[in-house]
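Asks: fold the following and give me the result.
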Amino acid sequence: MPRLCVFLLAFLPALVACVDDSQGPVPEPPPVPEFDLQATLTIAVDEAVLPAVEEFHASTAGLQSAAESFCSAPDAVTLEQLQDRWRDAFEQWYRLSLYNFGPLNDNFVFPAFTFIDSLRLRGTNYLETVRSEIADDISSSTTLDADYFAGKTFQRVGLLALESVIFETSTGENSAAPADIVAEFQFAPRKCEVLAGLAGQLRFQASYVENGWLVDHLGSGEPYRSLFLSDQLDDGTEPFSQILISGQEFLDYLQARNVVTTAAPISGHAWEAIDASIDEVEVLLRGQRGSSGSVFDYMESVGQLNEIAAVEDSISQVRQAIADRDPEMLEVTLGFLDGNFKREIPDSLAIDLGINFSDGD
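Replies: Here you go, the predicted structure:
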């Protein structure tokens, strides 16, 4: 072999190495998720969304039962039990509110959620409206049956109307003293009819939502759970996107509408309700204790540990604002968590929310 050829062959490996080095290191392939995203979606629905649906329905049944017990023997003890049942329903509603889609919001004109929580629609406080309505119902001769309450508009029913009936008198001073409330029920029997009618309507809405999720959605013959998990949503939104968008919208609502200073104006139970909402956020992201395949589990399996830490830090800051009863800091920290639902969480799951956020957080 000619000397020139031997010389070139000897230096060929070095030349190849130089060429490879000029291209830089070969990037590592992305980690293969330990969990399937569809399975993670199913866990989110079955361990977070559906329990919230069922527990809210159960809480409305408990409230209705407590109303019947109170009206059969109105006194301070049964009133306290009734008020506790309302507080429980209110907290359960703030857990379910994270998932304001499907049966909760499947009617363009009369969505169920508005008949449960009138504040949620536009942030309008209808307290004076419900007070006036309750006083008129007690003093009128109208038959206060189920059909009458079913015909009321959303501003006159729901948790706020029940709060007024249960936590104050209907007289001009709207006394919150338990003795005054009990006395009014004793001397104005129609107030018990108002209580029964409003409690029945709240349970009706909760039953509609539960039936839609578990039995039959809008006459389709299929439960919304099946339609949702099989990606058969009417508007074409991907299921996981729908969950995250709904969560983001609720967190944005809490801060934008100053809910902690507006909701539950008589009972003063807003802080506890928002705390329950954050409990629900954690259930959605972490799953139930002892289970695996949650949103956080999926994020960890693809190496998004910093993103998980960011979300956990936001939750911790919201918790501190709640513990401090600091409305201004609550608004700020809810904004952090709202941002996590827009960015860190969907980005980690490789989910396109399909909307353009422009609130600048």
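Asks: and Ala276, how far from Ala177?
Replies: Remark: distance between Ala276 and Ala177 (C-beta to C-beta, to the nearest Å) = 27 Å. For every residue, glycine as well, the C-beta is placed using N, CA and C.
Asks: which one's more surrounded, these two?
Replies: When neighbours are counted by other C-beta atoms under 10 Å, Ala276 and Ala177 differ, and Ala276 comes out ahead with 21 against 11.
Asks: so the nearest residue to that one once chain neighbours are set aside is in which element?
Replies: Leaving aside its sequence neighbours, Ala276 sits nearest to Glu91 (C-beta to C-beta, 6 or more residues apart in numbering; 4.1 Å). Assessed by DSSP states H and E, Glu91 sits inside helix 76-96.
Asks: and that helix, average pLDDT?
Replies: Across helix 76-96, pLDDT averages out at 98.
Asks: what do you get for stretch 265-275?
Replies: 98.
Asks: show me what counts as buried in that stretch.
Replies: Pro265, Ile266, Ser267, His269, Ala270, Trp271, Ala273, Ile274 (16 or more other C-beta atoms under 10 Å).
Asks: for the closest residue to the fourth one other than its chain neighbours, give me its contacts.
Replies: This means His269. The shortest distance from His269 to any non-neighbouring residue, by C-beta to C-beta, 6+ apart, is to Arg87 (5.4 Å). By C-beta atoms under 8 Å, 6 or more residues apart in numbering, Arg87 lies in contact with Ser267, His269, Glu272.
Asks: phi first, then psi, for the residue lying closest to Asp137 once chain neighbours are set aside.
Replies: Nearest residue to Asp137, sequence neighbours excluded (C-beta to C-beta, 6+ apart): Val194, at 5.1 Å. Per-residue torsions, Val194: phi -60, psi -50 (degrees, to the nearest 10).
Asks: and if you look at Phe154?
Replies: Torsion angles, degrees, to the nearest 10, at Phe154: phi -60, psi -30.
Asks: mind checking pLDDT for it?
Replies: We have a pLDDT of 97 for Phe154.
Asks: how far away is it from Glu133?
Replies: 12 Å.
Asks: cool, Leu227 as well?
Replies: 37 Å.
Asks: helix, strand or coil for the residue nearest the centre of the chain?
Replies: Nearest to the geometric centre of the chain sits Leu98, at 1.6 Å (C-alpha atoms, centre = their mean). Secondary structure of Leu98, reduced to three states by DSSP: H, G, I helix; E, B strand; the rest coil: helix.
Asks: pLDDT weak spots in the stretch 1-150 of the chain?
Replies: 1-35 (pLDDT under 70).
Asks: spatially nearest residue to Val260, not counting backbone neighbours?
Replies: Spatially, and ignoring its direct neighbours in sequence, Val260 is nearest to Ala270 (4.9 Å; C-beta to C-beta, 6+ apart).
Asks: please tell me I have it right and that neighbour contacts Ala263.
Replies: Yes: Ala270 lies in contact with Ala263 (C-beta atoms under 8 Å); the separation is 4.4 Å.
Asks: relative to helix 76-96, how tilted is whichever strand or helix holds Gly197?
Replies: Using DSSP H and E, Gly197 sits in helix 190-214. If you take axes from the mean of the first three to the mean of the last three C-alpha atoms, to 10 degrees, helix 190-214 sits at 30 degrees to helix 76-96.
Asks: quick one: buried residues of helix 190-214?
Replies: Applying 16+ other C-beta under 10 Å to helix 190-214 flags 190-206, 208-214 as buried.
Asks: packing partners for the helix or strand following that helix?
Replies: Once helix 190-214 ends, the next helix or strand along the chain (criterion: DSSP H and E) is helix 224-229. Contacts defined by 3 or more C-beta pairs under 8 Å, 6 or more residues apart in numbering; DSSP states H and E place helix 224-229 against helix 37-44, helix 190-214, helix 239-256.
Asks: what's whatever helix or strand comes next after the first one packed up against?
Replies: In other words, helix 37-44. Downstream of helix 37-44, the next assigned helix or strand under DSSP H and E is helix 50-72. On a contact count with 3+ C-beta pairs under 8 Å, 6+ apart, helix 50-72 meets helix 76-96, helix 190-214.
Asks: ok now the first one, how far from the chain's centre?
Replies: This means helix 76-96. Relative to its chain's centre, helix 76-96 lies at 18 Å (C-alpha atoms, centre = their mean, to the nearest Å).
Asks: and it with helix 50-72, angle?
Replies: Using the same axes, to 10 degrees: helix 76-96 against helix 50-72 is 160 degrees.
Asks: same check, this time on the longest one
Replies: In terms of direction (the same axes, to 10 degrees), helix 190-214 departs from helix 50-72 by 160 degrees.
Asks: returning to that earlier point: quick check, nearest of the buried residues of stretch 265-275 to Gly102?
Replies: Ala273 (21.5 Å; C-beta to C-beta).
Asks: verify the stated contact: that closest one with Ala264.
Replies: Yes: contact criterion C-beta under 8 Å: Ala273 and Ala264 qualify, at 6.7 Å.
Asks: identify the contacts common to those two.
Replies: Contacts common to Ala273 and Ala264, judged by C-beta under 8 Å, 6+ apart, are Phe90.
Asks: need phi/psi at the residue lying closest to Gly287 once chain neighbours are set aside.
Replies: Excluding its sequence neighbours, the residue lying closest to Gly287 (C-beta to C-beta, 6+ apart) is Ser294, at 3.2 Å. For Ser294, the backbone dihedrals (degrees, to the nearest 10) come out as phi -70, psi 180.
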